[in-house]
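A.B. asks: Next one to model:
(chains A, B, C and D)
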Protein chains: 2
Amino acid sequence: MARKPRQARSRATVNAIVEAAFIAVARHGPAAATTRQIADIAGIGVGSLYEYFSNKEAIFAAMSERFVSDTVAMLQPRVPELVRKNIRDAVLDMLVLFREFLQENDELYLKCARHAFAMDFEEYLDPVHRLLLDIVTQHMMRHPETARVRNIPAMTYIYINGGIFSVVRHLSEQNPPVTFEELSRGLADMVGHYVDQELLLTQQ
Amino acid sequence: MARKPRQARSRATVNAIVEAAFIAVARHGPAAATTRQIADIAGIGVGSLYEYFSNKEAIFAAMSERFVSDTVAMLQPRVPELVRKNIRDAVLDMLVLFREFLQENDELYLKCARHAFAMDFEEYLDPVHRLLLDIVTQHMMRHPETARVRNIPAMTYIYINGGIFSVVRHLSEQNPPVTFEELSRGLADMVGHYVDQELLLTQQ
DNA sequence: ATGCTTGTTCGGATTCAATTCGGAACTCAC
DNA sequence: GTGAGTTCCGAATTGAATCCGAACAAGCAT
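C.D. replies: Prediction:
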């Protein structure tokens, strides 16, 4: 972002640019989305893009940030409910929520997420990582018996990276080799079985 | 590939182009790697690129294919040895092999794999998927007790997508939140615990 | 209201990379 | 050694990203 928006008008412009970029990328992919398209969709001149973004990559970065913060905002209010459930159901619920989120607005987010990794998306995953760790922590406080589970940071790391990637890839595939139900059940059991086995192995 | 190479000379050119592309991408990333750079590194004229590749994306596609087939070639000879081991050791071995493979040649492959997803890399993963399924099948034949494990296709899908992504991302991070040992142990236990728990749940 | 300053928008001009094209250089079978 | 098929080249074309200076709007003091 080259300049900070002061007036309400310009803040609206910045917003319009990011939203236009989502539409353009969903339509043509990040490589084929041109600055002219983005400007046209946003209803502004090309030059205006550069008032707030130093280049096209900066727009993509803003999209990644927006996507991540929207994801967190979508999940956050469900946290109290999630941490009350058993682990498998909590995971299944999160996956369904995530799928619905991706498919909102005619799959706008999914169509972008498919190419997310072309936009250094991973750089901005940190808030999601923190949220997941927070959920795990709260869950453990409510289910104290799970405190014996080992290697939690690594498992969370694997789960967030691997889980998001698997789901996005799965939803993007024309004919995936497994159904979404099998996939989500697999992810839920992957977590659930791990915890169960850990409890078994560490019992006194 | 716009045209099929007939003479030995041109096959060498195609090869030089793909190798030059790896170097250019490792150096500058896929977006900033120009056709001129690739041509210069390959020691040919820009025009020649288009004799064999219809555009830059086609070169990236060839890189992905090469990377995947090299990965398979690297793993294939170790399969007999891998299927003899217990699951956790087999996974750990594969991860170490994969890491060493990525770090060969001054991390040439890792530096490209980091951006792999900008090049529609996933499209070409199929051979790896087949190899993994093959390893699983062979492993099950040698350890018949594991035949009771359910949902194997989905678990393989998750494991290959999630596992590759987690490892590449981890190796690319400047200061990762977990060590490679924790990560690989996590992945090994994720598989191992899953199998153990399945055996427990399905025993008569 | 009026003039002044600062913030905002615009779109043509510039720059730079991808791709094309027409011909030169090479290879090989005869 | 010839020529038909193949391979290579790099200047010219094309089109997108980015820059820039003029025009326009908002806020503010008088």
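A.B. asks: residues touching residue A:25, list them.
C.D. replies: A:33, A:60, A:63, A:111-112, A:115 (C-beta atoms under 8 Å, 6 or more residues apart in numbering or on different chains). Any C-beta I mention is one placed from the backbone N, CA and C, and that applies to glycine too.
A.B. asks: which of the residues you listed has the most neighbours?
C.D. replies: Counting by other C-beta atoms under 10 Å in any protein chain shown, residue A:112 has the largest number of neighbours within the contacts of residue A:25, with 28 neighbours.
A.B. asks: buried sites along the helix or strand harbouring that residue?
C.D. replies: For residue A:112, the element it lies in under DSSP states H and E is helix A:87-113. For helix A:87-113, a neighbour-count test (16 or more other C-beta atoms under 10 Å in any protein chain shown) marks A:87-88, A:90-95, A:98-99, A:101-102, A:108-113 as buried.
A.B. asks: tell me how far the ends of stretch A:71-81 are from each other?
C.D. replies: The stretch stretch A:71-81 measures 17 Å between its terminal residues, going by C-alpha to C-alpha, to the nearest Å.
A.B. asks: Check what contacts that stretch and list those residues.
C.D. replies: Identification of contacts with stretch A:71-81 by C-beta under 8 Å, 6+ apart yields A:93-94, A:97-98, A:101, A:127-128, A:131, A:134-135, A:138.
A.B. asks: try 7 Å
C.D. replies: A:97, A:101, A:127-128, A:131, A:135, A:138 (C-beta atoms under 7 Å, 6 or more residues apart in numbering or on different chains).
A.B. asks: same check, this time on stretch A:34-48
C.D. replies: Among residues not part of stretch A:34-48, those counted as contacts by C-beta under 7 Å, 6+ apart are A:13, A:16-17, A:20-21, A:23-24, A:49, A:56, A:59.
A.B. asks: what about it and DNA strand C, touching?
C.D. replies: Yes - residues of stretch A:34-48 are located near DNA strand C by C-beta under 7 Å from any atom of the strand, namely A:43-48.
A.B. asks: And those, which of them are buried?
C.D. replies: Buried members of the residues of stretch A:34-48 next to DNA strand C, scored by 16+ other C-beta under 10 Å, are A:44, A:48.
A.B. asks: Which of the residues of stretch A:34-48 next to DNA strand C sits closest to chain B?
C.D. replies: Checking the residues of stretch A:34-48 next to DNA strand C against chain B by C-beta to the nearest C-beta gives residue A:46 as the nearest, at 19.6 Å.
A.B. asks: pLDDT score assigned to that closest one?
C.D. replies: Per-residue pLDDT puts residue A:46 at 93.
A.B. asks: Not including adjacent chain positions, what is the nearest residue to it?
C.D. replies: Excluding its sequence neighbours, the residue lying closest to residue A:46 (C-beta to C-beta, 6 or more residues apart in numbering or on different chains) is residue A:39, at 4.5 Å.
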